[in-house]
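[1] Quick one, fold the following:
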Amino acid sequence: MDHPGPSPGRGMAPGTIVDTDIPARLDRLPWGRFHTLVVTALGVTWILDGLEVTLVAAVAGALKQSPVLQLTSLDVGLAASAYLLGAVLGALFFGWLTDRLGRKKLFFTTLAVYLVATAATALAWDFWSLLLFRFLTGAGIGGEYAAINSTIQELIPARVRGWTDLVVNGSFWAGAAIGAAGAIVLLDPSLLPPDMGWRAAFAIGAALGAIVLLMRAWLPESPRWLVTHGRAGEAEAIVAAIEERFRRAGHVLAPGPFPTIRLEARTHTPLREVADTLLVHQRRRSLVGLALMASQAFFYNAIFFTYALVLTDFYSVPPDAVGWYILPFAAGNVLGPIVLGRLFDSIGRRPMIAFTYAVSGLLLALTGALFAADLVSSFSLAIAWSVIFFFASAAASSAYLTVSETFPLEIRALAIAVFYAVGTGIGGVLGPLLMGALISTGSRLSVFGGYLLGAVLMLAAAVVMVRWGIPAERRPLEDVARPLAARD
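    Down below sits the predicted model:
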């Protein structure tokens, strides 16, 4: 072992001071199978979210034609908003529990909620039951964002934290591709009756969720969280076991000594201290997080949730063919973080985040103007979205990266939840409703107005990032945001 520590079963009373080198030991690890498994088991959350979002977009036409549901375009927008509203409230509730009860308990709980709710969606019998099940599905996914983002941040070495986080968040669009491909097959009327195809499509998420639930059984609790909650012995045992896995795999680990940090053990962080941190002591960081989250939420949800409606209403694309148009859209989104992600660790957070937000906004304004002038076909619009979201995917992923690494460990999950909830509430819930209403007018100019609003929000967020962004690249989490429990 590199470092002797307290026995695994011995907890510490609140107020006990402990000197620990666990953060430095985790950051000095080379990339190994352990990190790959962490990213796979936890990162699949974004695949599930992408699957859910895409299914609603891809089956929008089928839902409108369902003899049981008989939805209008506005109803489809309401279903999308119900999912997002559930995600907002679920993120807040489960995010609060994640900081109090630990990362591991919550990423099991939130996945279970998602699994049951998405399976129930496939059994919806009317509009109101569909809204309820979509709300509960969103609650599970919203809770996942808080628990998973915080866990990944605390287990991945600082030097690759940016790229890893962007790729994980970008995997949302691998789920989108699965949803689109599934919709192409399952909405084929020659394979399944019209009212059964969309139900089978939602069952895909439940099947994937059941598999992932089993994958997470081996994951450890975050050692960083354990130390701050008076469980340094457990944290030491987990880190020692991780280090031993690397040695067995043939890695030679630096023996130390390593930089230490002095922490005061606590059972939880009072909500008053959370509010004081976000609204007073780190108000500027809160402004940055809000600007990034709200703008990308509107940008994505307003456009993507209503993409199928644009195709069917303005281009007369058959509902069972919508999936083909989503596939290139998804491809651009997956490639963006993979290709650009390394630059967020090398060039830096501030310039890359500002760049991707600004380019996304400018390209959206241009594409919207061409759409308003009826100068783009359904095919060229799909290509335009693919290019735009190549940059926008990296931008949106960097928003989650920013709010998860620039706030103290003790409130990390709840901070993610707060900014996800506020940002999604402002941009995500209102976006689909607004765009659904604009599309219902049948006016291309009205739809362009919605696109232009999204572009302005992205450009404004780029300015905020340039002015107040935090250079967090390759820095330990404890250096980027000093823990509330830290003592000199």
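[2] buried stuff in the host helix or strand of residue 386?
    Assigned by DSSP states H and E, residue 386 belongs to helix 378-405. For helix 378-405, the neighbour count (16 or more other CB atoms under 10 Å) marks 381-382, 384-386, 388-405 as buried. C-beta coordinates here come from the backbone N, C-alpha and C atoms, glycine included.
[3] Show me what secondary structure element comes after it.
    Next helix or strand after helix 378-405 toward the C-terminus (DSSP H and E): helix 412-423.
[4] neighbours around residue 101, how many?
    By other CB atoms under 10 Å, the residues close to residue 101 number 16.
[5] make that residue 470, sorry
    20.
[6] got the contact list for it?
    Counting by CB atoms under 8 Å, 6 or more residues apart in numbering, residue 470 makes contact with 285, 288, 349, 350, 402, 406, 480.
[7] Which of the residues you listed fall in helices?
    285, 288, 349, 350, 402, 480 (DSSP state H).
[8] Let me know the pLDDT of the first one.
    According to the model's per-residue confidence, residue 285 sits at a pLDDT of 95.
[9] again with the fourth one
    The pLDDT attached to residue 350 in the predicted structure is 96.
[10] okay but it is in contact with residue 468, surely?
    No - contact criterion CB atoms under 8 Å: residue 350 and residue 468 do not qualify, at 9.1 Å.
[11] residue ranges with poor pLDDT in the stretch 151-300 of the chain?
    183, 186-190, 192-195, 197-198 (pLDDT under 70).
[12] In it, what residue spans correspond to strands?
    Remark: strands assigned in the stretch 151-300 of the chain by DSSP state E, counting those that start in this stretch are 261-264.
[13] thought residue 141 was touching residue 49?
    Yes - counting by CB under 8 Å, residue 141 touches residue 49, with 5.0 Å between them.
[14] Does the host helix or strand of residue 313 pack against any helices or strands, and if so which?
    Per DSSP H and E: residue 313 is located in helix 307-314. The contact analysis (3 or more CB pairs under 8 Å, 6 or more residues apart in numbering; DSSP states H and E) places helix 307-314 against helix 33-58, helix 60-65, helix 73-101, helix 322-346, helix 378-405, helix 430-440, helix 444-468.
[15] buried ones in it?
    Buried residues in helix 307-314, counted by 16+ other CB under 10 Å: 307, 308, 309, 310, 311, 312, 313, 314.
[16] Please identify the one among the residues you listed that lies nearest to residue 324.
    residue 311 (9.9 Å; CB to CB).
[17] Name the nearest residue to the closest one, ignoring sequence neighbours.
    Nearest residue to residue 311 in three dimensions, chain neighbours excluded: residue 317, at 4.0 Å (CB to CB, 6 or more residues apart in numbering).
[18] Enumerate every residue touching that neighbour.
    Going by CB under 8 Å, 6+ apart, residue 317 touches 311, 325, 378.
[19] So the first one sits against residue 378, correct?
    Put plainly, it is residue 311. Yes - counting by CB under 8 Å, residue 311 touches residue 378, with 6.0 Å between them.
[20] overlap in contacts of these two?
    Counting by CB under 8 Å, 6+ apart, the shared contacts of residue 311 and residue 378 are 317, 325.
[21] coming back round to it: could you dump the buried residues of helix 307-314 into a markdown table and include distance to residue 147?
    Listed next are the buried residues of helix 307-314 as a markdown table, based on distance: CB to CB, whole Å:
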| residue | distance to residue 147 |
| --- | --- |
| 307 | 29 |
| 308 | 30 |
| 309 | 33 |
| 310 | 34 |
| 311 | 35 |
| 312 | 37 |
| 313 | 38 |
| 314 | 40 |
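[22] Looking at the residues you listed, which is nearest residue 123?
    residue 308 (22.3 Å).
[23] pLDDT score for that closest one?
    Residue 308 is given a pLDDT of 81.
[24] And residue 62, by the same measure?
    Looking at residue 62, its pLDDT reads 63.
[25] likewise residue 334?
    87.
[26] what's the spacing between it and residue 328?
    For residue 334, the distance to residue 328 equals 11 Å [CB to CB, to the nearest Å].
[27] Pick out whichever of these two has more residues nearby.
    residue 334 (22 against 19).
[28] and the closest residue to the more buried one other than its chain neighbours, how many neighbours?
    Excluding the flanking residues, the one nearest residue 334 by CB to CB, 6+ apart is residue 173, at 4.4 Å. Applying other CB under 10 Å, we find 28 residues neighbouring residue 173.
[29] Pretty sure residue 173 sits against residue 393.
    Yes - counting by CB under 8 Å, residue 173 touches residue 393, with 6.5 Å between them.
[30] which residues touch the residue nearest to residue 334?
    Applying CB under 8 Å, 6+ apart to residue 173 gives the contacts 50, 330, 331, 333, 334, 393.
[31] so which pair among those is furthest apart in space?
    Maximum distance among the contacts of residue 173 (CB to CB): 12.5 Å, for 50 and 331.
[32] More neighbours: these two, which one.
    It is residue 50, of residue 50 and residue 331, that has more neighbours when counted by other CB under 10 Å, with 25 against 17.
[33] does the more buried one really touch residue 171, like I thought?
    Yes - using CB under 8 Å, residue 50 is in contact with residue 171, at 7.4 Å.
[34] quick revisit: got the angle for the helix holding residue 386 vs helix 322-346?
    With axes from the mean of the first three to the mean of the last three CA atoms, to 10 degrees defining the directions, helix 378-405 sits at 40 degrees from helix 322-346.
[35] how far out from the middle of the chain is helix 378-405?
    Relative to its chain's centre, helix 378-405 lies at 13 Å (CA atoms, centre = their mean, to the nearest Å).
[36] between it and helix 307-314, how many degrees?
    Relative orientation of helix 378-405 versus helix 307-314 (the same axes, to 10 degrees): 160 degrees.
[37] what helices or strands is helix 378-405 leaning on?
    Counting contacts by 3+ CB pairs under 8 Å, 6+ apart, helix 378-405 packs against helix 127-155, helix 161-170, helix 283-304, helix 307-314, helix 322-346, helix 349-372, helix 412-423.
[38] Mind checking the ones you listed for the one nearest to residue 88?
    helix 412-423 (4.3 Å).
[39] And the contacts of the closest one?
    87-89, 91-92, 94-96, 98-99, 103, 106, 142, 145-147, 149-150, 153-154, 274, 278, 286, 289-290, 292-297, 399-400, 403-404, 407.
[40] what comes up buried for it?
    412, 413, 414, 415, 416, 417, 418, 419, 420, 421, 422, 423.
[41] Next: stretch 274-294.
    Buried residues in stretch 274-294 (16+ other CB under 10 Å): 274, 277-278, 282, 285-286, 288-294.
[42] The nearest residue to residue 102 once chain neighbours are set aside: how many residues sit nearby?
    Once flanking residues are discounted, residue 102 sits nearest to residue 221: 5.5 Å by CB to CB, 6+ apart. Residue 221: 18 surrounding residues under other CB under 10 Å.
[43] Could you do the one 10 residues further on as well?
    Look at residue 231: counted by other CB under 10 Å, it has 23 neighbours.
[44] roughly how far apart are residue 78 and residue 381?
    The spacing between residue 78 and residue 381, counted by CB to CB, is 25 Å.
[45] I misspoke; the intended subject was residue 13.
    Counting by CB to CB - residue 13 and residue 381 are separated by 62 Å.
[46] thinking again about what came up before, which neighbours do residue 50 and residue 331 share?
    Joint contacts of residue 50 and residue 331 (CB under 8 Å, 6+ apart) are 173, 177.
[47] Between the contacts of residue 317, which sits nearest residue 462?
    residue 325 (28.0 Å).
[48] Good, we can wrap up now.
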